[in-house]
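> Just need the structure, nothing else, for what follows:
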Amino acid sequence: MKRLILLIIICTCISWNCSELNEAELIGKWKCVEILNKKEIPEFGLEYLENTIINKWIIEFQKDGTFKTVIMSSDSANGKWNYDLEKKLISVNLKDQSDMNFEVLKFDSKKIDLKFDLGKYTFEKIK
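The predicted model follows:
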C-alpha cells in the first residue's frame, strides 16, 4: 500500500512538472488569437481591440533573451525578457519604453493565456 501511495505521489509530481511552463517552451513567435475578458471591456474598447490586435499582435521570445513585439506592422518594440517560474511572470525590459510584465494564467505547448495590464489574452505559438 505504501508503494502505491509513493508511486501516485511521484507520478503526480512528474505530471505537474511536465505541465509547468519553462523558458525554453516560451522561445518562438506567438500570435494573439483571443481576448479572454471581453465582458469586462466596454463595447467600443472591445471593438477597437478586436480590430487592432486579434491575429495582428505578434510576440517573439528569442533564445538569446531578446524580445520583439509587433502590432499591425506599424507599432513595434524590442528589448530583453526573462521568466520567473515561481511568480509565473514574464518580465520584458523594453528599450526607450516602460517595462512590461505578463502574468501566465494558463499554458500548454501551443497556447498561452497572459494577463497584461487590464487585459487577458490567448496567444498561439506560430513558430
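> Name the residues linked to Ile58 by a beta bridge.
Beta-bridge partners for Ile58, by DSSP bridges, are Lys31, Val70.
> per-residue pLDDT, it?
On pLDDT, Ile58 comes in at 91.
> Contact partners for it?
By C-beta atoms under 8 Å, 6 or more residues apart in numbering, Ile58 lies in contact with 29-32, 68-71, 126. The way it works is simple: take the backbone N, C-alpha and C, and place the C-beta from them, glycine included.
> between those residues, which has the most around it?
Within the contacts of Ile58, neighbour counts (other C-beta atoms under 10 Å) peak at Trp30, which reaches 23 neighbours.
> list the contacts for Lys115?
Applying C-beta under 8 Å, 6+ apart, the residues near Lys115 are 102-103, 105, 121.
> Go again with 7 Å.
Going by C-beta atoms under 7 Å, 6 or more residues apart in numbering, Lys115 touches 102-103, 105.
> Lowest-confidence member of the contacts of Ile58, which is it?
Among these, pLDDT bottoms out at Ile71, giving 79.
> And that one, how far from Pro42?
20 Å (C-beta to C-beta, to the nearest Å).
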